[in-house]
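J.: pasted the sequence and its predicted model underneath.
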2 protein chains.
Amino acid sequence: MKLQVAIDRVDIPRAVEIIRQVAGTADVIEVGTSLTKEFGVRALGPLIEAADGTAVLGDIKTCDEGKYEFDLGFDCGFAYLTVMGSSSLGTLEVCYASAETHDGVMMIDLLECDEDRIEKISGFENAVYCLHTSIDSGATADPVGQVRAFKAKYPQIRRIAIAGGIKKDQLAGLAAEGVEITIMGSAITKADDIAAACAECKGLCG
Amino acid sequence: MKLQVAIDRVDIPRAVEIIRQVAGTADVIEVGTSLTKEFGVRALGPLIEAADGTAVLGDIKTCDEGKYEFDLGFDCGFAYLTVMGSSSLGTLEVCYASAETHDGVMMIDLLECDEDRIEKISGFENAVYCLHTSIDSGATADPVGQVRAFKAKYPQIRRIAIAGGIKKDQLAGLAAEGVEITIMGSAITKADDIAAACAECKGLCG
């Protein structure tokens, strides 16, 4: 299972410091929505450089104007970009086409998507579907059970990620369920020793 | 009826030029999502200065982390900020509280919201509810009819805005329906004479 480390609510110099400590250990480095909205996608080149070859995800949460936002993000060097599952099917389609063209990955953020919506948008074969509990709603209580129920309901979805207050002791269970990417944030980025916390979590990903 | 002029897909110097031509005529100047995502909310001060007292809306399309994004946006000088209607109720509630605290306005973008969702989020008395047809789905064919149907279905919603390919000859009808804000973009910002196009549209808003 891949480990994605999400960096949020810091300035660019601090983000660079964090990235240097997780690059090469984390599989994906997430430049969080707060960074993209505060400083802008065009200003984030130093973060991609600091990642030094580790894939970087831009959590741009596209809602509309999919081609414009995705083309821009991939042109700026991001390997993964996020689109909201609540977007129109038209938006998802143009984002997916952009990802395929750029050899990038579209991650669909399933925040607040109900079952009908997920069913409707479940046909993007190479997309990663991210189960995501809103920060404003609190963390996921049982992520392993949540993934198991999701897989049973949507067997057509092959690539699954999960985010939202995931804890160290849940990593082995998520890996056993076949989750492709688990996203962790402050559990790593707020640790006293960020590099050690990242290495420990990566070790638990199997 | 207020006229909101949306500026998108240009760089900051060009946005400043456009703003100087519509400030004082437009009631609200929208700094579009492309500007907020490309350059970042913290870099948009020059646009708010160029507006010279005309209210500026930041189309930040908040999906999560509502308090962080709204506090930041209002602190940067925006008078209006947008949140997605598809966000969790928790997100909408913290955005609304931030708007009330900052004497700002929360505009709820109803992109892709179905009837159940709109009903569920219809209780924010001072929020503006924006009927919005996705750019990726094409323009609204009949905005006046759309507003009329919306008002009949949600009489509890007092403040209505509309966006998505609105044309000059639809303005009088929208004003007659009691729409508070009509949003126009390229019809004004791509005109040969931006100031004249803005003045003409404002004249049609009644």
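T.: That came through, no problem.
J.: list the contacts of the residue of chain A found nearest chain B.
T.: Residue of chain A nearest chain B, by Cβ to the nearest Cβ: A:G40 (3.3 Å). Using the backbone N, CA and C atoms, a C-beta is placed for each residue, glycine as well. A:G40 is in contact with B:T36, B:K37, B:E38, B:F39, B:G40, B:A43, counting by Cβ atoms under 8 Å, 6 or more residues apart in numbering or on different chains.
J.: how about the residues of chain A near chain B?
T.: A:8-9, A:33-34, A:36-43, A:60-61, A:63-69, A:72, A:84, A:86-88, A:90-91, A:93-94, A:109, A:111-112, A:134-137 (Cβ under 8 Å from any Cβ of the partner chain).
J.: so where's chain A shaky on pLDDT?
T.: Chain A contains residues with pLDDT under 70 at A:135-140.
J.: now the two most distant members of the contacts of A:G40.
T.: B:K37 and B:A43 (11.3 Å; Cβ to Cβ).
J.: which one's more surrounded, the two?
T.: Neighbours per residue (other Cβ atoms under 10 Å in any protein chain shown) separate B:K37 from B:A43, with B:K37 holding more: 27 against 18.
J.: which parts of stretch A:102-122 are buried?
T.: Neighbour-count burial for stretch A:102-122 flags A:102, A:104-113, A:117-118, A:121-122 (criterion: 16 or more other Cβ atoms under 10 Å in any protein chain shown).
J.: which of those sit farthest apart?
T.: A:H102 and A:E112 (27.3 Å).
J.: ok, back up a step: in strands, which of the buried residues of stretch A:102-122 appear?
T.: A:V105, A:M106, A:M107, A:I108, A:D109 (DSSP state E).
J.: which one of these is nearest A:I188?
T.: Nearest to A:I188 out of these is A:M107 (Cβ to Cβ; 18.8 Å).
J.: surely the closest one and A:L81 touch.
T.: Yes. The pair A:M107 / A:L81 is scored as a contact, 7.1 Å apart, by Cβ atoms under 8 Å.
J.: find residues that contact each of the two.
T.: With Cβ under 8 Å, 6+ apart as the test, A:M107 and A:L81 both reach A:L57.
J.: ok, back up a step: pull out the buried members of the residues of chain A next to chain B.
T.: For the residues of chain A next to chain B, a neighbour count by 16+ other Cβ under 10 Å gives the buried set as A:8-9, A:33-34, A:36-43, A:60-61, A:63-69, A:72, A:84, A:86-88, A:91, A:93-94, A:109, A:111-112, A:134-136.
J.: the longest helix along chain A vs strand A:105-109, what angle?
T.: In chain A, assigned by DSSP state H, the helix with the most residues is helix A:89-101. If you take axes from the mean of the first three to the mean of the last three Cα atoms, to 10 degrees, helix A:89-101 sits at 150 degrees to strand A:105-109.
J.: just checking, A:Q4 touches A:V179?
T.: No. Judged on Cβ under 8 Å, A:Q4 makes no contact with A:V179 at a distance of 10.9 Å.
J.: now do the shared contacts for these two.
T.: Counting by Cβ under 8 Å, 6+ apart, the residues touching both A:Q4 and A:V179 are A:A161.
J.: who's in contact with the biggest strand by length in chain A?
T.: Looking across chain A with DSSP E, the single longest strand is strand A:55-62. Here strand A:55-62 makes contact (Cβ under 8 Å, 6+ apart) with A:4, A:6, A:27-33, A:36, A:41, A:44, A:47-48, A:69-70, A:73, A:76-84, A:87, A:91, A:95, A:107, A:109, B:37, B:61, B:63-64.
J.: I'd like the list of those residues that fall within helices, please.
T.: Members of those lying in helices (criterion: DSSP H): A:T33, A:T36, A:L47, A:I48, A:E69, A:F70, A:G73, A:T91, A:C95, B:K37.
J.: now the two most distant members of these.
T.: A:L47 and A:T91 (25.4 Å).
J.: skipping adjacent residues, who's closest to A:V10 in space?
T.: A:I18 (7.0 Å; Cβ to Cβ, 6 or more residues apart in numbering or on different chains).
J.: what sits against that neighbour?
T.: A:V5, A:I7, A:V10, A:T189, A:I194.
J.: select from the residues you listed the one having the most neighbours.
T.: A:V5 (28 neighbours).
J.: tell me the phi and psi of the nearest residue to it once chain neighbours are set aside?
T.: What sits nearest to A:V5 in space, not counting adjacent residues and going by Cβ to Cβ, 6+ apart, is A:A26, at 4.3 Å. The phi/psi pair for A:A26 (degrees, to the nearest 10) reads phi -60, psi 150.
J.: list the contacts of A:A26.
T.: Here A:A26 is in contact with A:L3, A:Q4, A:V5, A:T54, A:C198, A:K202 (criterion: Cβ under 8 Å, 6+ apart).
J.: let's go with 6 Å and repeat that
T.: A:L3, A:V5, A:C198 (Cβ atoms under 6 Å, 6 or more residues apart in numbering or on different chains).
J.: so what's A:E177 closest to, chain neighbours aside?
T.: That would be A:V147: by Cβ to Cβ, 6+ apart, it lies 4.6 Å from A:E177.
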